[in-house]
Every structure is written in C-alpha cells, then in structure tokens.
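Chemist: Sequence isn't available, so here's the structure alone:
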C-alpha cells in the first residue's frame, strides 16, 4: 500500500517506539475532539518523540486516571476537556493564575513530582482571533453562554482591555456572578448582564453548545446582526454552524471554533516543555 | 520539513483523531520495547484506526493501570511485558488456555465488559522460527533460562512434538518443576533437566537475559557448538548478542529475538479483533 507523505496528512506523530513520551486528552464523549490531530502534527513539526492519544473517561473514573498519569513515568501531560475541567482542578497539586481565576483546568503537567494544572482555553481564543487579524482592545464584546468555556473566554477577553463586555446565559444568576467576578479583576472595563442581542456589538461570541444539533435554534438574535459585527462560534462540529452560516449570509465576518484550538497549540506545547 | 512516506518508516499508525482506539504496552523499563514500532505498522497495514503507546508502569501501579484500562471506553487492549506478566494474570477476569498453562499473560482485551488475558510469547517464538523456515517437530531442543519467557517457549515447543527437550536454569528446582509440568501435558515427549551444553541438540535457545550487558559470559557452552545446531536468542537488544556472534563464527545458523516478536504480531492483532 502506498500512503501520503507524513507532512501532507495532519495527525501523525513521529514514528512510535518504546522511548516515545505519552500525552492524552481526557473527555466524555471523545470522538469529536480535534487535539489528537492538531497536537500530533505540532509534536512532529517540533521533532518531539511524543504522541497524544484520546481517552474516553467517564466522570467517576477521572481521579483514577489522573493518579495513573501521576504514577506512569513516561506519561508527561494531559489535556482536559468536557466535562472534566472543573473536577480536574481539585485533583492537581498546584494551579496556574488563569486556571485559578476561572476555577477550571484544561492542561496538566508534572513539575518536580507534583501535578500543575492551568487553563489555556481563553488564551487560545484570543490568540486564534489575533492570528486571523481580529483584536479585542477597545471593542464591544457580547458573550453568550457562561459555562466553563464561556467563563474562560470572558476572562481572556477582559485581559485584552475591551471597551465593554455583555454576558448572557439562560442561567441569569450564573452570568451575573461571572460579571461580578470580571469587575473585581478589572474595575475599569464596563461589564453587564444583558440580552443575547448583538445590536451595537463589534464581536458576538457563542460559547453555548446550541448549534451542534441540526434542529437547534440560533443562540442569539440574528435579526439584529449588522455586517459590522464579527460573529464567533466556539463549536467544533459542525465547523460551520447554522449561526455562522446565517451571519455570513447577512454580510458579517465569521470565525469558527477550530481557531480557538489552533490558538492554544503553541501555548500548550510550551507549557508541556515541547519547544518550537 | 519534508518527511519520508509513511510506508517507508515503521512505527506509524494512521493519523490520530478523537476516534482513534488506544492500545498500550506496560513494562518497567519501557524504552527498549519493540511493540510500538511493530504494532503501529501492523495496525496501519490493516487500516485500523488505532495506536499502541508505551507506558512505563512500576509494579505497585499495575493494578491501578489495569483498572483504568477497564474503565476507559476507547482503550481496547494491553500488551504486558517484564516484570508484569505473572502479576497481570491475577488482575484479569478470564485466562486463555496457554496463559493458564504457563501462569502468565502478555495480552489483555475486553470481552463483554470482562478482561480476558492470554499468552502469545511461545506461539510467537514458534511462528517466528517457522517464518524463517525452522520447524521443531522431531528435533532435540535445549532451552536455557526458565523465567516467564523460557516457560512460555518451553510449552510452545512442547506443542510442536519435538523429539526431546532439555531444560537448564541456574535455579535447578525451577527448571525441574517446569520439566514435570511439561511431562504432565505431553507424556510422550522426552523432557529432562540438564547442563547448558548443546552437544547433540538441533536447536539451542537462550531465554535468559545473559548477553544484554557487554561483559556478560555466554549463557551456554559455546565450545560444544557444532554447525548443525541452530542457535536462538530471544534478547531484543542487542539484536545480535555475543552468543549469536560466536555461534555464527562457528558456522551455526542463528535466529534473533525480534523474530519472536514479529511472530506474535499477527496472532495478537487477531486476539485484539484487528483483522488482516
């Protein structure tokens, strides 16, 4: 059988051997995750003899998997995804600044025998926008959905000094609590709770899972979209959600979920000690 | 960077994604194992979206790793190597016939939610010889070293109906116990305990680790070697041991450790449900 060159297909690590270092992404479900494709290509580009594998771990088993990670000598790093990011915070020994701020970790590595967790979701989001030419300083940003990803996005957006942030969640109390949390970190940025209406916003971000299923409604009021609003969705599958399709039809710029993940790759490789 | 085609370099699985199924080899140490190279190539040849990674697991952690294997939904199989093969037998729910006979398992898979272990070391040894044109039926076979691998080799050799088997181990009691075990299975084959002297044997097999370190003595009396004796070493590193080098110099045929592992690949892939 004749295959493509390894540099033409994403998802290849270097050839595996007994000396290969191991990384894993833990999630439930797991089939949809893009990290194995992105990180194995990144490891190969960096010449790292390392592989990242998907592990389908149910919530009751998370602690045991993290203890096996701790004990296994050539198992160097974890990426943590839905629904484990909050629970994982309690299972590490130390937490980095952003992880502590948002109460969730999405990466874990070893450091002198201890487990260090941190969160690069928000940083990946901001880097992904920047890599496509979108800056957030001075802009008005609407964020819809304040679950784990939304909270990470909100904190990273806050650090870019936007003109204003509006938060919306179907659980109003949750959004208001996070608004209060943001005001405590940066009192100078105007942060409000409000409706999912993009009128007057430069950037509108969907951080809910609404749009993954074909019959889902739109997560924001698309009738109010003007072409000056950049519409962002963090959903990975489908890569073009109904929201992005509708926004595009209305002349808006769009930005899809894969960029947030691509924006994380460099930062997470550095966290893992795998240099460029 | 420009890489080789994936079919030119061993050790490549298909590109990884979130849907990739996971296999691992557990050992301590782990850096020397050849299974990641052999099995990832075999998986790719078979079109299996699967990867086999090395995990460096210390003996006190084996049970926890096997429980995580049990719980992790996309983690489909384990290869067990030194020093875990006997301990692993106690950690599975069912054991295949050869695994039960030799009291050790080197593979584990899931079957209706239960863990099934078995042992393919000896079958791999016999297949590896056969693939290089060496049959054991009617031959006189000397086996040196009756640890886990030697015991597996002895039982698989027995099943080939050799004319005679001599066992030697520095622990004489251990070798005599295994000789007795073989006689119970196949009373018609002449099995004896005896000296590591190859005079009169068609095949002499080193199943000790003597030969891995440069300063090691020979594991058998090389002065007695005649060119009609096939000399076999199951050591993987170095691929040509001092014993094989000396046997070659004396005009003997030789057969190295990698063939035993290659001989296992087809059988273990079938056990894992990964068809040819």
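Modeler: Yep, that arrived. Note that the structure is a prediction, hence the values are computed from the model and not measured. Residues are numbered from 1 along each chain as shown, chains lettered A, B, ... in the order given.
Chemist: CA atoms for contacts and neighbours, from now on please.
Modeler: Fine.
Chemist: so who does the most centrally placed residue in chain A touch?
Modeler: In chain A, the residue lying closest to the centroid (C-alpha atoms, centre = their mean) is residue A:121, at 3.4 Å. Residue A:121 makes contact with A:106, A:149, A:152, A:153, A:260, A:261, A:264, according to C-alpha atoms under 8 Å, 6 or more residues apart in numbering or on different chains.
Chemist: quick one: which of those is nearest to chain B?
Modeler: Minimum distance to chain B across those is 13.9 Å, recorded for residue A:261 (C-alpha to the nearest C-alpha).
Chemist: Is the closest one in contact with residue A:127, as I believe?
Modeler: No: with contact defined as C-alpha atoms under 8 Å, residue A:261 and residue A:127 do not form a contacting pair (9.4 Å).
Chemist: all helices of the stretch 51-200 of chain A, in order?
Modeler: In the stretch 51-200 of chain A, the helices defined using DSSP state H, counting those that start in this stretch lie at A:62-71, A:85-89, A:97-102, A:121-131, A:148-158, A:172-185.
Chemist: Adding mean pLDDT as columns, could you present those in JSON lines?
Modeler: Output for those, formatted as JSON lines (pLDDT from 0 to 100):
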{"stretch": "helix A:62-71", "mean pLDDT": "98"}
{"stretch": "helix A:85-89", "mean pLDDT": "96"}
{"stretch": "helix A:97-102", "mean pLDDT": "94"}
{"stretch": "helix A:121-131", "mean pLDDT": "95"}
{"stretch": "helix A:148-158", "mean pLDDT": "95"}
{"stretch": "helix A:172-185", "mean pLDDT": "97"}
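Chemist: Buried deepest among the ones you listed, which one?
Modeler: helix A:148-158 (a mean of 24; mean count of other C-alpha atoms under 10 Å in any protein chain shown).
Chemist: list the helices and strands that helix packs on?
Modeler: For helix A:148-158, the contact count by 3 or more C-alpha pairs under 8 Å, 6 or more residues apart in numbering or on different chains; DSSP states H and E identifies helix A:97-102, helix A:121-131, strand A:140-144, helix A:172-185 as packing neighbours.
Chemist: 7 Å - rerun?
Modeler: Helix A:148-158 sits against helix A:121-131, with contacts defined as 3 or more C-alpha pairs under 7 Å, 6 or more residues apart in numbering or on different chains; DSSP states H and E.
Chemist: between the helix it packs on and helix A:148-158, how many degrees?
Modeler: Taking axes from the mean of the first three to the mean of the last three C-alpha atoms, to 10 degrees, one finds helix A:121-131 and helix A:148-158 inclined to each other by 60 degrees.
Chemist: what does chain A have sitting close to chain B?
Modeler: Residues of chain A that fall close to chain B, judged by C-alpha under 7 Å from any C-alpha of the partner chain: A:2-7, A:10-12, A:15-20, A:30-34, A:36-37, A:54-57, A:61, A:64-65, A:68, A:71-75.
Chemist: quick one: which of those residues sit in strands?
Modeler: Secondary structure defined by DSSP state E assigns A:54, A:55, A:56, A:75 of the residues of chain A next to chain B to strands.
Chemist: Run through the residues that contact the third one.
Modeler: It stands for residue A:56. When the contact criterion is C-alpha atoms under 7 Å, 6 or more residues apart in numbering or on different chains, the partners of residue A:56 are A:26, A:27, A:28, A:29, A:30, B:72, B:73, B:74.
Chemist: Name only those of these that count as buried.
Modeler: Members of the contacts of residue A:56 that pass the buried threshold by neighbour count (16 or more other C-alpha atoms under 10 Å in any protein chain shown) are listed as A:26, A:27, A:28, A:29, A:30, B:72, B:73, B:74.
Chemist: Among the residues you listed, which one lies nearest to residue A:211?
Modeler: Proximity to residue A:211 was ranked across these by C-alpha to C-alpha; first place goes to residue A:29, at 17.1 Å.
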